[in-house]
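S.K.: Sequence isn't available, so here's the structure alone:
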């Protein structure tokens, strides 16, 4: 049985854990990161932390398959560099090179969203499926692809930008420069904007009470929770959201004909309420195309451990 | 060196050839098909024809890796059945079962568009690329995907319906039941409709002379050829077409981050005139997203042999 180290680089902290090929996690911990430090120093600190973790784990380096790393931003899987990560203020950073030099272990890196689907496919809600699309419904829409039983990342590991597929080339402007990107309709931010717009039109909606009559307190739950209680305006917001999300997913069904679509991120906390409505929408359109097998829509289940599982999987399979 | 039989089932005839792993084709021939015959009889005839071809080829059955078949319609790669092919009037037809029974050779089948990209990837314009998207710009828009150095077909082999990705969910109605499908904008049929619409608005366009003042003679060349000669209305049609095609391709770039996009079908006869304009459009949008590698746009090159090459490749690699 193989064991690998999974490293999940996040906006506040870096998480580390030892994962074996049966999915057991040991020695999991995290350390906070001061991103004002020089970028190389942060990675050197990571390398030393990994060495200490190994020393206190009782494992020998030769027992480990290597180190897998998930990192936000534009990651070049070929070179092992973080080419650019705006949130971390990193640019042209040789993550794999530094980590391998300090630890003496082989290392691989992937974009965090791409790595996440590998974790779900090997250890989570995607187990036993061969073709999976993961959508993370948060501030934006992140994507991950598991195809022909493999992680698919595209050239330089920069594919899977599923939030930046235009579903209306004359539609809402997107920060990427194009118009109508899927994430301008299906992200939590888009839902919040659509919820506020509806509230401003419908003064009697119970959504106003739900957010304490302060429109700035609207979040991704507002429309969903009020829709469940029968508010008409809230139901209209939810129905429109399901259509937007559903149309984007129908596109992915026609492209990939996947076995399963996994949803993660804040909005996936709506669980069956969300997936039941989505499945009904998808069935109405026969999963995108006549004569096609159905697609399961499921909630991702590894939660905050996805990153460690996925990163370690880069070295386990 | 392996040799396999490639079978390309088309609307008028079935083509057969022996292909070796270096790309040499021998014993290529085709026979016309009477699609009014019972569907099983046609496939039985194909099986007997294959037996005769082998007998006259000087090859022994044990020298062959097997039979690969490309077929239009909804093909189930798992069962080897053609589930449904509207143009051929076939339904629930056990193609692989019948062919293997008569020939005694293993057989595999794929949708013709999916198989085509395998031919181009192994022997044509896609050689040496690892991630390729093929778009066939004809009556509709067909798609093929070659990902991580493999043919990607999706569940039951029914993926790659790239013409049915909506680029405007409030847009032009499509025969599949949804709105705004890519093929309603980027197919030759769409270009013809857009050309006619423009001509009806611009009586002085030279496109009227090009088609002998008979609007029913407009085809996929009309706007392109008149644009090359400087006709303003024709150039507007072409620019709009490039935008439609380009936006769809930018979507595929963001999803796959491919090394190359291949174009085939009638409109690809515009060659560099088409690809130069497209590349200019794609570069303007940085191939879909900041910080990404560029994508080559190329014309497919196997032409009428694509089907035989692709089908045989199912058994060669």
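M.R.: Noted; the coordinates are in hand. None of the values given here were measured: they were computed from a predicted structure.
S.K.: pLDDT at residue A:68, what is it?
M.R.: Note on residue A:68: pLDDT of 98.
S.K.: For the closest residue to it other than its chain neighbours, list the residues it contacts.
M.R.: Distances taken as Cβ to Cβ, 6 or more residues apart in numbering or on different chains place residue A:314 nearest to residue A:68, at 3.4 Å, with adjacent residues excluded. To be clear about C-beta, it is placed using only N, CA and C from the backbone, and glycine gets the same treatment. By Cβ atoms under 8 Å, 6 or more residues apart in numbering or on different chains, the contact list for residue A:314 reads A:4, A:68-69, A:108-110, A:115, A:118, A:151.
S.K.: Name all residues that make contact with residue A:95.
M.R.: A:43, A:69, A:71, A:80-82, A:107, A:109.
S.K.: Out of these, which sit inside helices?
M.R.: residue A:43 (DSSP state H).
S.K.: most surrounded residue in the contacts of residue A:95?
M.R.: Highest neighbour count within the contacts of residue A:95, by other Cβ atoms under 10 Å in any protein chain shown: residue A:69, with 30 neighbours.
S.K.: beta partners of that residue?
M.R.: residue A:7, residue A:109 (DSSP bridges).
S.K.: OK, contacts around it?
M.R.: A:7, A:9, A:95-96, A:99, A:107-110, A:311, A:314.
S.K.: same check, this time on residue A:254
M.R.: So residue A:254 contacts A:288-289, B:159, B:161-162, B:164-165 (Cβ under 8 Å, 6+ apart).
S.K.: Pull out the buried residues from those residues.
M.R.: A:288-289, B:159, B:161-162, B:164-165 (16 or more other Cβ atoms under 10 Å in any protein chain shown).
S.K.: Residue A:99 belongs to a helix?
M.R.: Yes: assessed by DSSP: H, G, I helix; E, B strand; the rest coil, residue A:99 belongs to a helix.
S.K.: What is the neighbour count of it?
M.R.: The number of residues near residue A:99, taken as other Cβ under 10 Å, comes to 25.
S.K.: Next: residue A:272.
M.R.: Neighbour tally, residue A:272, other Cβ under 10 Å: 9.
S.K.: Which helix or which strand is home to it?
M.R.: Residue A:272 is located in helix A:271-284, with elements delineated by DSSP states H and E.
S.K.: So which other helices or strands are in contact with that helix?
M.R.: helix A:222-228, helix A:232-256, strand A:296-299 (3 or more Cβ pairs under 8 Å, 6 or more residues apart in numbering or on different chains; DSSP states H and E).
S.K.: ok, now with 6 Å
M.R.: Helices and strands touching helix A:271-284, by 3 or more Cβ pairs under 6 Å, 6 or more residues apart in numbering or on different chains; DSSP states H and E, are helix A:232-256, strand A:296-299.
S.K.: Can you list the buried residues in it?
M.R.: Of the residues in helix A:271-284, A:274-275, A:277-279, A:281-282 count as buried by neighbour count, 16+ other Cβ under 10 Å.
S.K.: Over to stretch A:233-251?
M.R.: A:233-238, A:241-242, A:244-251.
S.K.: and if you look at stretch A:302-317?
M.R.: A:302, A:305-316.
S.K.: any idea which of those residues is closest to chain B?
M.R.: Nearest to chain B out of the buried residues of stretch A:302-317 is residue A:314 (Cβ to the nearest Cβ; 14.4 Å).
S.K.: Which helix or which strand is home to the closest one?
M.R.: Of the helices and strands defined by DSSP H and E, residue A:314 is found in helix A:306-316.
S.K.: mind checking the end-to-end distance for stretch A:150-167?
M.R.: 27 Å (Cα to Cα, to the nearest Å).
S.K.: same deal with stretch A:261-277?
M.R.: 14 Å.
S.K.: what about the residue in the stretch 201-317 of chain A that chain B sits nearest to, how many neighbours?
M.R.: Per Cβ to the nearest Cβ, residue A:257 is where the stretch 201-317 of chain A lies closest to chain B, at 3.1 Å. Other residues lying near residue A:257 total 24 when counted by other Cβ under 10 Å.
S.K.: Could I get the contacting residues of the residue in the stretch 1-150 of chain A positioned nearest to chain B?
M.R.: Nearest to chain B, among the residues of the stretch 1-150 of chain A, is residue A:74, at 4.2 Å (Cβ to the nearest Cβ). Contacts for residue A:74 (Cβ atoms under 6 Å, 6 or more residues apart in numbering or on different chains) come out as A:83-84, B:291.
S.K.: show me the contacts for the residue of the stretch 201-317 of chain A closest to chain B.
M.R.: Counting by Cβ under 6 Å, 6+ apart, residue A:257 has contacts B:154-155, B:158-159.
S.K.: one more time with 10 Å, if that's ok
M.R.: A:131, A:287-289, A:292-293, A:295, B:152-161 (Cβ atoms under 10 Å, 6 or more residues apart in numbering or on different chains).
S.K.: One more: residue A:155?
M.R.: So residue A:155 contacts A:76-78, B:129-131, B:253, B:256-260, B:287, B:292-295 (Cβ under 10 Å, 6+ apart).
S.K.: And the strands in chain A?
M.R.: Secondary structure of chain A (DSSP state E): strands located at A:3-9, A:13-20, A:25-32, A:64-71, A:74-76, A:81-85, A:90-93, A:107-111, A:132-137, A:141-147, A:150-152, A:260-264, A:296-299.
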